[in-house]
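In: Let me see the structure of the following:
(one chain, ligands or ions: 1)
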Amino acid sequence: MAAIDIRELGKRYTGKKGAVVEALQGVSLAVEQGEVFGFLGPNGAGKSTTIKCLMGLIRPTSGSAAINGMAITDAAARRQVGYLPENPAFYDYLGAEEYLQFVGGIFGMAEELVARRSEELLKLLELWEARRRPIRSYSKGMVQRVGLAQALIHDPGICILDEPMSGLDPIGRALVKEIILDLKKRGKCVFFSTHITDDVEKVCDRVGVISKGRLRVVDSVENILQQGLEGYQVRLQRADGAHEELFVGKEGLQPFIQQALAEGCAIERIEPRRKDMEAFFLETVAG
Ligand SMILES: Nc1ncnc2c1ncn2[C@@H]1O[C@H](COP(=O)(O)OP(=O)(O)OP(=O)(O)O)[C@@H](O)[C@H]1O
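Out: Residues are numbered from 1 along each chain as shown. All right, here's what the predicted structure looks like:
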């Protein structure tokens, strides 16, 4: 059974003055246990809407979504999920430590366990020093890290993270990527949204690209990068000692090497040249 199962999800917002936005149209997607899935899309594509439907925070106009086969409104399903909202808002007169105690309590965790998990997470997310200061005095990046800590406090099997790297500096982003990889190592399912292709390339098994409310492609990162292979940059030294660097098309590498060796050249370096995730994303969204 899929950890996350989204079927034919549709969402229509009717704004003031009757303006209609088709935010989602027929989005279907399954994410497996132990998988890291990147939900990639430009601003306004429908990422947060999908996640909010999945979390039962808004009602889809059509279709359905399930967590481990259960509706998210089922308390048992909710306990298995750690959720980071797009703009996390907290009781900001509390410190991070007290807030985590509060969230742990909601999940019915024993006090001792909450204290242990909270210490681990606050240290990991570099919030330990500030743990007793009110959250309202935190920087944007610190608030985002509290958001992540509260999503992980009960050690959920499934993490649904809406733009987890948002508002973080390069050190914070690297830390979050490490945390995601660690969750994967521990067999957790991570589903996160982003518009930054590099985040996806580094940590995801699979990617779904959404634009204008429709899911355009779902594929593994490996496949996408492999299909983007254009050829190889080869550096060699000719028999007369001269160095040369040239581009060889992806089908031509084998015969090229054979001929170069036959001519007495020494191959010094071969580097694959490929379109990266960003090029794939831009092409998908444009197409
Ligand atoms: N409550 C709402 N009422 C009307 N339209 C809405 C509402 N919420 C979202 N929308 C519209 O639905 C579309 C999808 O929005 P959504 O927030 O899901 O996109 P997103 O991919 O998360 O974007 P971003 O990366 O900018 O957060 C947008 O056109 C947005 O303006």
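
In: you'd agree residue 268 is up against residue 244?
Out: No: the pair residue 268 / residue 244 is not scored as a contact, 9.5 Å apart, by Cβ atoms under 8 Å. No exception for glycine: its C-beta is placed from N, CA and C like everyone else's.

In: Need the residues touching each of those two.
Out: Common neighbours of residue 268 and residue 244 (criterion: Cβ atoms under 8 Å, 6 or more residues apart in numbering): 235, 236, 237.

In: tell me the pLDDT at the residue of the chain most remote from its centre?
Out: Relative to the C-alpha centroid of the chain, counting by Cα atoms, centre = their mean, residue 240 is the outermost residue, at 50.8 Å. On pLDDT, residue 240 comes in at 93.

In: So it: helix, strand or coil?
Out: coil (DSSP: H, G, I helix; E, B strand; the rest coil).

In: what's the distance between it and residue 263?
Out: 10 Å (Cβ to Cβ, to the nearest Å).

In: Residue 169 now?
Out: Taking Cβ to Cβ, one finds residue 169 at 51 Å from residue 263.

In: just residue 145 next, same as before
Out: 58 Å.

In: More neighbours: which of those two?
Out: A direct count of neighbours by other Cβ atoms under 10 Å for residue 145 and residue 263 places residue 145 higher, at 28 against 10.

In: Spatially nearest residue to the more buried one, not counting backbone neighbours?
Out: residue 125 (4.2 Å; Cβ to Cβ, 6 or more residues apart in numbering).

In: who's in contact with that neighbour?
Out: By Cβ under 8 Å, 6+ apart, residue 125 lies in contact with 145, 146, 148, 149, 175.

In: can we see that at 7 Å?
Out: By Cβ atoms under 7 Å, 6 or more residues apart in numbering, residue 125 lies in contact with 145, 148, 149.

In: residues from the stretch 101-250 of the chain in reach of the ligand?
Out: Within the stretch 101-250 of the chain, the residues that sit near the ligand (Cβ under 6 Å from any ligand atom) are residue 195.

In: Around the residue in the stretch 101-250 of the chain that the ligand sits nearest to, how many other residues sit close by?
Out: Proximity of the stretch 101-250 of the chain to the ligand (Cβ to the nearest ligand atom) peaks at residue 195, 5.4 Å away. Counted with other Cβ under 10 Å, residues neighbouring residue 195 total 18.

In: Surely it touches residue 39?
Out: No: here residue 195 does not reach residue 39: they are 9.9 Å apart, not a contact under Cβ atoms under 7 Å.

In: Can you say which of the shared contacts of residue 268 and residue 244 are buried?
Out: In terms of neighbour count (16 or more other Cβ atoms under 10 Å), the buried residues within the shared contacts of residue 268 and residue 244 are residue 236.

In: where do the helices sit along this protein?
Out: 47-54, 75-79, 96-106, 111-124, 140-152, 170-185, 197-203, 221-227, 253-262, 277-286 (DSSP state H).

In: Same question for the longest one: list its buried residues.
Out: In other words, helix 170-185. 172, 173, 175, 176, 177, 179, 180, 183, 184.

In: if we can go back for a sec, how about the nearest residue to the residue of the stretch 101-250 of the chain closest to the ligand, chain neighbours excluded?
Out: residue 42 (5.7 Å).

In: State the number of residues packed around the one you found.
Out: Neighbours of residue 42 (other Cβ under 10 Å): 14.

In: what's the answer for residue 117, then?
Out: 18.

In: can you pull the buried residues of the least confident helix or strand in the chain by mean pLDDT?
Out: Ranking every helix and strand in the chain by mean pLDDT, DSSP states H and E puts helix 75-79 at the bottom, with a mean of 86. Buried residues in helix 75-79, counted by 16+ other Cβ under 10 Å: 77, 78.

In: so how far is stretch 213-233 from its chain's centroid?
Out: 16 Å (Cα atoms, centre = their mean, to the nearest Å).

In: how long is it from one end to the other?
Out: One end of stretch 213-233 to the other measures 39 Å (Cα to Cα, to the nearest Å).

In: Would you mind pulling the contact partners of it?
Out: Contacts of stretch 213-233 (Cβ under 7 Å, 6+ apart): 22-25, 27, 29, 46, 200-201, 204-210, 245, 247-250, 253, 270-277, 279-280, 284.

In: Identify the bridge partners of residue 236.
Out: Beta-bridge partners for residue 236, by DSSP bridges, are residue 244, residue 267.
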